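Peer 1: Could you work out the structure for the sequence below:
(one chain, ligands or ions: 2)
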Amino acid sequence: MANMKPSVVLVYILTIFFNTGNATRSRSFSKFPAILVFGDSTVDSGNNNEIDTLFKANFRPYGRLYPGHTPTGRFSDGRLITDFLASILKIKNAVPPFLKPDLSDHEIATGVSFASSGSGYDNATNDVFQVISFPKQIDMFRDYTARLRRVVGEQKAKKIIGAALVVISTGTNDISTLRMDRNDTGYQDFLLNKVQFFTKQLYDLGCRSMIVAGLPPIGCLPIQMTTKQQPPSRRRCLHNQNLYSVSYNQKLASMLPLVQAKLSGSKIAYADIYEPLMDMIHHPQKYGFEETNKGCCGTGFVEMGPLCNPTTPTCRHPSRYLFWDAVHPGQSTYQYLTKYVEKKVLPKFL
Ligand SMILES: *[C@@H]1O[C@H](CO)[C@@H](O)[C@H](O)[C@H]1NC(C)=O
Ligand SMILES: *[C@@H]1O[C@H](CO)[C@@H](O)[C@H](O)[C@H]1NC(C)=O
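Peer 2: Numbering: from 1, shown residues only. Ligands and ions are numbered 1, 2, ... in the order given. Prediction:
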């Protein structure tokens, strides 16, 4: 290596970086021709850019680490888990939003995101925030299917949808502090009913392989900690809110195998994001994090969406922060979460 030109060395290093560990495993996962994504800001790649809502992130400093430093509408400084998953699965490097105006036929054939930031399983959530409800996302999926048929033909379209990986990531926006404080477990059951209903709808529309994400530790989201007005030096995760996430997740994880059993030929896997996030919070140094209880944007206590804008100062080293804004993880956190999903969830589809 000593006499290689610097640019060659750089390419070499990048090649190692992007290929590490993927080479053998990805081959076995390459059976997915497309990725189809439903949910909230954890997986919205820019649908909200096209609708009339305050829940947008298509301005700086969002997208600071995204290729070309482009603010795409993703609520992060870079790519999302679904983008990284699409890479690992050798589908493509980013999952475009379905509402993107000039979506190419190739983008259609390899999958899109129908997700909308601020949305949830519950219609009431979407009415509050004026975003795209889950039933509307499924309507968009119907339009998508019609276009896919025009692009690749009836038979091939059926095949692509049947073999696609569906990712569903939502729920956090449905759960208000009030419900958590009251330990409203009935509402968890209400949401889980919706999960059953929507997975069945997607199944009836031809989807077979689905990943359903659980809730994050809601009590550790910077904005939640802020509501309890703890002094900045002694901010800590809200235990009861985390317990609420845990009990929802337990119910979800035990329900999904039953849903799968009812939908013959389906594979429906639970994706735990709670445990890996808690590990990052308890052992930040393992991940190179120095700050886990506030975001990188602004004070980190409240800023997100319109409050995290081109005039807001940001931290110097976002990769040392678990959270990018007061609600959403940064790209490095998403990268660690993706590794976890790759190891724990994807093998269930082999
Ligand atoms: C939720 O909205 C969808 C479509 O927008 C509608 O079909 C459904 O009946 C609504 N559900 C409830 C419980 O209001
Ligand atoms: C909430 O209610 C459930 C079910 O009754 C119970 O198992 C759980 O411990 C409760 N959580 C809290 C924080 O009280």
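
Peer 1: Verify the stated contact: Thr82 with Ser113.
Peer 2: Yes: applying C-beta atoms under 8 Å as the test, Thr82 and Ser113 come out as touching, 6.6 Å apart. Every residue, glycine included, has its C-beta placed from N, CA and C.

Peer 1: Give me the common contacts of these two.
Peer 2: Among the neighbours of Thr82, those also in contact with Ser113 (C-beta atoms under 8 Å, 6 or more residues apart in numbering) are Val37, Val43, Ser45, Val95.

Peer 1: Out of the residues you listed, the closest to Arg208 would be?
Peer 2: Val37 (15.7 Å; C-beta to C-beta).

Peer 1: The stretch 151-300 of the chain against ligand 2: which residues are in contact?
Peer 2: Counting by C-beta under 6 Å from any ligand atom, the residues of the stretch 151-300 of the chain close to ligand 2 are Asn183, Thr185, Asn240, Leu243, Ser247.

Peer 1: In those residues, find the pair that's most separated.
Peer 2: Thr185 and Asn240 (12.5 Å).

Peer 1: Distance of Arg74 relative to Glu275?
Peer 2: From Arg74 across to Glu275, the span is 24 Å (C-beta to C-beta, to the nearest Å).

Peer 1: So for these two, which residue has more residues nearby?
Peer 2: Neighbour totals were compared for Arg74 and Glu275, and Arg74 leads with 32 against 14 (other C-beta atoms under 10 Å).

Peer 1: mind listing what Ala213 touches?
Peer 2: Per C-beta under 8 Å, 6+ apart, neighbours of Ala213: Gly39, Thr42, Val167, Ile168, Ser169, Thr170, Gly171, Ala271, Ile273.

Peer 1: partner residues bridging the fifth one?
Peer 2: Looking back up the chat, that one is Ser169. Gly39 (DSSP bridges).

Peer 1: can you count the residues close to it?
Peer 2: For Ser169, the neighbour count with other C-beta under 10 Å is 25.

Peer 1: Point out the residues in the protein that sit beside ligand 1.
Peer 2: Going by C-beta under 6 Å from any ligand atom, the residues of the chain near ligand 1 are Asn123, Ser133, Pro135.

Peer 1: 5 Å instead?
Peer 2: Asn123, Pro135 (C-beta under 5 Å from any ligand atom).

Peer 1: Quick one: residues contacting Gly214.
Peer 2: By C-beta under 8 Å, 6+ apart, the contact list for Gly214 reads Gly171, Ser245, Tyr248, Asn249, Leu252, Ala253, Tyr270, Ala271, Asp272, Ile273, Tyr274.

Peer 1: Once you drop chain neighbours, what's closest to it?
Peer 2: Asn249 (3.9 Å; C-beta to C-beta, 6 or more residues apart in numbering).

Peer 1: That neighbour touches Leu215, doesn't it?
Peer 2: Yes: with contact defined as C-beta under 8 Å, Asn249 counts as touching Leu215 (5.9 Å).
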